[in-house]
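A.B. asks: I'll drop the sequence and a predicted model, then ask my questions.
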Amino acid sequence: MKLQMNSERGWMQVKRRIVDILANIDNQELEKLFLTEEEERELTQHISLERIKNRAMNRILEEETMMFKNRKVKKYKASIVIAAAMIMILSTTAFASQYMDSLKQFFGQSASIAEDERSPIQGTDTASGVTMNVEEGIYVGNSGYLVVSFMKEDGMPFPEGASIPALELNMEHDVNYMVGQQLVDDDKKLIGVFEMDAMNDLDGLKARITADRITSAAITQAVEGPWDVQFTISPGKQREQGLNLTIDEGEEAMSLSTISVSSIGLAIEGKRTDGELDKLPEYTPEVKVIAADGSELMLHVSSTSTTKNGFQWLYNLDSKNNLVFLGDVDIKSISIDGNVTELK
């Protein structure tokens with residue numbers, strides 16, 4: 001049997017074989033597949049999915065030849081199972097853990113993000129022995145975070161205080177953003193996080209992240225770039241609900257049309273109905289998240305931004321202006337100035 005490594009049809013056959021393999025192993029063998037957090041971290045530092053895929057495909061093909069000789073054989077070697085499962089597990093669970101590592105390293109352990117809300121990108125560019133990896137995006141409404149990391153191919157640390165003077169985000173439509181940078185892993189990893197608000201819907205927007213060079217604390221040049229990764233935004237899952245709510249507060253009147261909910265906060269969209277369409281509202285309503293157990297969490301607005309249809313409030317701060325992550329909250333409803341909307 002001959003299978004081209006770059007053949008989509010061949011790869012689909014292998015994936016079907018993986019499913020068959022996993023369906024015919026006992027629980028004792030299956031336990032061997034589970035990895036500790038330390039093992040996941042070790043495996044995903046310098047991993048090559050292409051190399052794993054090629055090896056696994058070759059091993060599965062060898063097993064296929066044996067199966068043709070004796071079709072009654074249903075017991076698979078643990079090494080075959082592990083090789084096959086590595087493709088599925090490492091491309092989802094382990095890499096997802098790696099994404100979470102970057103977010104938690106940057107924001108702290110409170111950065112809880114629901115698995116199905118993350119949008120993997122994995123766009124890379126290497127210059128002067130340093131790889132820039134645009135890892136993923138997390139979105140709510142027209143806002144979100146983009147996570148990018150820099151690591152040396154030889155695993156060595158960056159100089160103390162290393163940073164990127166020009167780490168920039170460009171989109172085909174207007175976007176406002178701030179970017180933070182932080183050295184982690186004993187200075188072996190430089191993380192950049194873009195916090196952005198876009199005028200248009202994010203889904204399908206073409207984006208580009210560039211960096212010029214990495215400098216040390218002494219502002220001397222440490223690593224010469226440039227790095228350039230282009231990609232298309234594809235937001236993960238978020239809960240979106242229509243609103244039919246009007247607010248009349250003093251001289252400001254507005255109509256709220258949509259609320260979006262994800263692990264990084266709430267985005268409420270609306271438009272002014274007082275004739276001041278070219279102005280952002282000064283007023284922000286009181287917003288509470290109501291969990292399934294009846295507990296309530298007050299959120300404060302972090303930004304008011306312009307959209308193509310009006311404006312958007314982004315609520316993701318606590319009373320001390322700390323970021324609030326909602327990945328661990330089972331949200332049942334949202335209260336806006338006392339008006340409760342049940343989430344479907």
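C.D. replies: Looks like it came in fine.
A.B. asks: For the helix or strand where Met254 lies, buried residues please.
C.D. replies: Assessed by DSSP states H and E, Met254 sits inside strand 252-262. Across strand 252-262, burial judged by 16 or more other CB atoms under 10 Å covers Ala253, Met254, Leu256, Thr258, Ile259, Ser260, Val261, Ser262. Backbone N, C-alpha and C define where each C-beta goes, glycine included.
A.B. asks: model confidence over the helix or strand following it, on average?
C.D. replies: With elements assigned by DSSP H and E, the helix or strand that comes after strand 252-262 is strand 265-272. For strand 265-272, the mean per-residue pLDDT is 96.
A.B. asks: What is the nearest of the buried residues of strand 252-262 to Thr304?
C.D. replies: Thr304 lies nearest to Met254 out of the buried residues of strand 252-262, by CB to CB, at 11.1 Å.
A.B. asks: can you tell me how far the residue nearest to Pro235 when sequence neighbours are not counted sits from Met298?
C.D. replies: Leaving aside its sequence neighbours, Pro235 sits nearest to Tyr139 (CB to CB, 6 or more residues apart in numbering; 4.2 Å). Tyr139 is 23 Å from Met298, where distance means CB to CB, to the nearest Å.
A.B. asks: Of those two, give the one with the bigger neighbour count.
C.D. replies: Tyr139 (27 against 14; other CB atoms under 10 Å).
A.B. asks: Kindly state the pLDDT recorded for the more buried one?
C.D. replies: 95.
A.B. asks: hang on, Phe106 is in a helix, isn't it?
C.D. replies: Yes - assessed by DSSP: H, G, I helix; E, B strand; the rest coil, Phe106 belongs to a helix.
A.B. asks: thought Gly161 was touching Ala217?
C.D. replies: Yes - assessed by CB atoms under 8 Å, Gly161 is found in contact with Ala217 at 2.6 Å.
A.B. asks: related to what we said a few turns ago, the residue nearest to Pro235 bridge partners, please.
C.D. replies: Note on Tyr139: beta-bridge partners by DSSP bridges are Gly144.
A.B. asks: What separation is there between it and Ser255?
C.D. replies: 24 Å.
A.B. asks: go on, Thr126?
C.D. replies: 49 Å.
A.B. asks: which residue ranges form the helices in the protein?
C.D. replies: Under the criterion DSSP state H, the chain contains helices at 8-23, 27-31, 37-43, 49-69, 78-89, 95-107.
A.B. asks: got the contact list for the residue lying closest to Glu286 once chain neighbours are set aside?
C.D. replies: In this structure, Glu286 finds its nearest non-sequential neighbour in Asp337, 5.5 Å apart by CB to CB, 6+ apart. By CB atoms under 8 Å, 6 or more residues apart in numbering, the contact set of Asp337 is Ile247, Pro285, Glu286.
A.B. asks: What pLDDT is listed against the residue nearest to the first one when sequence neighbours are not counted?
C.D. replies: I take that to be Ile247. For Ile247, ignoring the flanking residues on the chain, the nearest one in space by CB to CB, 6+ apart is Met254 at 5.1 Å. The model reports Met254 with a pLDDT of 96.
A.B. asks: Next: Ala217.
C.D. replies: pLDDT, Ala217: 80.
A.B. asks: what sits against it?
C.D. replies: Contacts of Ala217 (CB under 8 Å, 6+ apart): Pro159, Glu160, Gly161, Ala162.
A.B. asks: Could you check how far it is from Gln105?
C.D. replies: To Gln105, Ala217 is 20 Å away according to CB to CB.
A.B. asks: same check, this time on Phe194
C.D. replies: Using CB to CB, Phe194 is found at 16 Å from Gln105.
A.B. asks: Have a look at the two and say which one is more surrounded.
C.D. replies: Phe194 (21 against 17).
A.B. asks: Skipping adjacent residues, who's closest to that one in space?
C.D. replies: Excluding the flanking residues, the one nearest Phe194 by CB to CB, 6+ apart is Leu146, at 4.2 Å.
A.B. asks: what do you get for Pro226?
C.D. replies: Asp212 (5.4 Å).
A.B. asks: There's contact between that neighbour and Ile164 in this structure, I believe.
C.D. replies: Yes - here Asp212 reaches Ile164: they are 7.1 Å apart, a contact under CB under 8 Å.
A.B. asks: between the two, which one's more packed in?
C.D. replies: A count of neighbours by other CB under 10 Å puts Ile164 above the other of Asp212 and Ile164, at 22 against 14.
A.B. asks: Let's see the pLDDT reported for the spatially closest residue to that one that is not a sequence neighbour.
C.D. replies: Computed as CB to CB, 6+ apart, the closest residue to Ile164 that is not its neighbour in sequence is Ala211, at 4.9 Å. Ala211 is assigned a predicted lDDT (pLDDT) of 97.
A.B. asks: And for Lys74?
C.D. replies: pLDDT recorded at Lys74 is 35.
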